[in-house]
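Colleague: Let me see the structure of the following:
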Amino acid sequence: MPPTSRPLRKLGFLTIGLFDESDPRRGHESTLEIIELGERLGFDSAWLRHRHLQYGISSPVAMMAAASQRTSRIELGTAVIPLGWENPLRLAEDLATVDVLSGGRINPGVSVGPPMHFDQVKEALYPDTADAEDFSYERVRRLLDFVRGKSATDFSGIEGFEVFSDRVQPHSPGLGRRLWYGGGSLGSARWAGEHGMNFLTSSVVKAEGADAGPEFDFARIQLSHIRAFRERHPDGDGARVSQGLVVIPTDSASPEQRAKYEAFVAKRLPRTTSPQGPARLLFAPDIVGTSEEIAERLAAHAAFREVDEVAFALPFTFEHEDYVQILTDMATKLGPALGWQPSV
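Modeller: The predicted structure follows:
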């Protein structure tokens, strides 16, 4: 495989954590078991995707808390928490609590914008303040301030038998450096860099900028976002970026599994040929094949060559045993093919 400019340093995976409405515990247990497997296999991180009013993880912070008590080393992240559903002060308290419980292992990823289907949920979510809610980057800035220890109130001290703090408690000192912004546009990349966050880039970008020509080169658009982020980050080229493509290694897959994986990829391929919807979202093709084949394709990916961390996304609709096979091949075949070594 041709060498990449940045050897792969951290290997992670992302899961949506699906469950059956009639037996939700089984699905959540499956997710926790997958995270435990990831730690045994040497993965550096496990990331949870957030889903509201769906049959996926609605509370990744609670799931990270549970996973933190069943693991000891693997980092736990969210990719991402949509802040339109959250109160930044309360979220800061929850994140800091889980970070303390985990021994400083969580990596919260967030994004902004109105909640999905806001007109249908606003009466339940914000019955009195829907028209006044601010879903801009200001919501992220508030979370950053609270997590990083800035004052949340002008009151502190003793009142009766109770002691009050003017900042969020508990305070976890390292958490402020482990906050990520999940973005797919030049604007979000620049904002994240200017505010000292880390940057999560996935298999979705906005078709914009000089590289969004008629060929719609996903890799070059994503590369422009990574570079824009680092240009504005205090750490420059050392600023952390994680890429989250969908890759499916088939080294140890059964013939039935390979056929299912290939059908999944083929079904999703048409959406990658041109920008989708009013937001002009461009999707990266999923990559399925042997670890050697995937490594070759990643080596030719302009954006992949600029990162040294990945959180490969697991397909949403597969079975538990499929995830076991995919993660095992990632850790034992694909990771080493990309120059990665498992953590112990």
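Colleague: which residues in the stretch 1-150 of the chain form helices?
Modeller: For the stretch 1-150 of the chain, the helices defined by DSSP state H, counting those that start in this stretch occupy 24-41, 60-68, 88-102, 118-125, 137-147.
Colleague: For the last one, enumerate the helices and strands it packs against.
Modeller: Packing partners of helix 137-147 (3 or more Cβ pairs under 8 Å, 6 or more residues apart in numbering; DSSP states H and E): helix 88-102. Heads up, the C-betas are built off the backbone N, CA and C, glycines and all.
Colleague: Output the helices of the stretch 1-150 of the chain in CSV; the columns should cover distance to G335 and mean pLDDT.
Modeller: Formatted as CSV, the helices of the stretch 1-150 of the chain follow (distance: least, Cβ to Cβ, whole Å; pLDDT from 0 to 100):
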stretch, distance to G335, mean pLDDT
helix 24-41, 9, 98
helix 60-68, 21, 98
helix 88-102, 23, 98
helix 118-125, 40, 98
helix 137-147, 31, 98
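Colleague: so which of those helices gets nearest E262?
Modeller: Among the helices of the stretch 1-150 of the chain, helix 24-41 comes nearest to E262, with 22.3 Å by Cβ to Cβ.
Colleague: Who are the contact partners of H28?
Modeller: Shown in contact with H28 (Cβ atoms under 8 Å, 6 or more residues apart in numbering): G17, F19, I57, M63.
Colleague: shaky segments in the stretch 201-344 of the chain?
Modeller: 209-216 (pLDDT under 70).
Colleague: Can you show me the strands along it?
Modeller: 204-206, 241-244, 247-249, 281-283, 287-289, 309-313 (DSSP state E, counting those that start in this stretch).
Colleague: Point out the most buried one among these.
Modeller: strand 247-249 (a mean of 27; mean count of other Cβ atoms under 10 Å).
Colleague: Remind me what that one packs against, helices and strands.
Modeller: Against strand 247-249 (3+ Cβ pairs under 8 Å, 6+ apart) you get helix 255-268, strand 287-289, helix 291-299, helix 320-329.
Colleague: Test my guess that H195 contacts L143.
Modeller: No - the criterion here is Cβ atoms under 8 Å, and H195 misses it with L143 at 10.6 Å.
Colleague: Between those two, which has more neighbouring residues?
Modeller: L143 (24 against 16; other Cβ atoms under 10 Å).
Colleague: list the contacts for the more buried one?
Modeller: Neighbours of L143 in contact, by Cβ under 8 Å, 6+ apart: L83, E86, P88, L91, A92, V110, L179.
Colleague: just to revisit the earlier point, kindly reformat the helices of the stretch 1-150 of the chain as JSON lines containing distance to S291.
Modeller: Formatted as JSON lines, the helices of the stretch 1-150 of the chain follow (distance: least, Cβ to Cβ, whole Å):
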{"stretch": "helix 24-41", "distance to S291": "14"}
{"stretch": "helix 60-68", "distance to S291": "26"}
{"stretch": "helix 88-102", "distance to S291": "30"}
{"stretch": "helix 118-125", "distance to S291": "42"}
{"stretch": "helix 137-147", "distance to S291": "36"}
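Colleague: which of those helices sits most buried?
Modeller: By mean count of other Cβ under 10 Å, the helices of the stretch 1-150 of the chain have helix 60-68 as the most buried, with a mean of 21.
Colleague: CA atoms only: put that helix into PDB for me.
Modeller: Extracted as PDB, the C-alpha positions of helix 60-68 are listed here (Å, rounded to 0.1, in the frame of the first residue of the first chain):
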ATOM      1  CA  PRO A  60     -25.500   8.400  24.500                       C
ATOM      2  CA  VAL A  61     -24.300  10.100  27.700                       C
ATOM      3  CA  ALA A  62     -26.100   7.400  29.700                       C
ATOM      4  CA  MET A  63     -24.700   4.700  27.500                       C
ATOM      5  CA  MET A  64     -21.200   6.100  27.900                       C
ATOM      6  CA  ALA A  65     -21.700   6.000  31.700                       C
ATOM      7  CA  ALA A  66     -22.700   2.400  31.500                       C
ATOM      8  CA  ALA A  67     -19.800   1.500  29.100                       C
ATOM      9  CA  SER A  68     -17.300   3.300  31.400                       C
END
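Colleague: hey, where'd the strands end up in the stretch 51-200 of the chain?
Modeller: So, for the stretch 51-200 of the chain - with DSSP E, counting those that start in this stretch - the strands run 75-78, 81-82, 106-107, 109-111, 157-159, 162-164, 180-182, 198-202.
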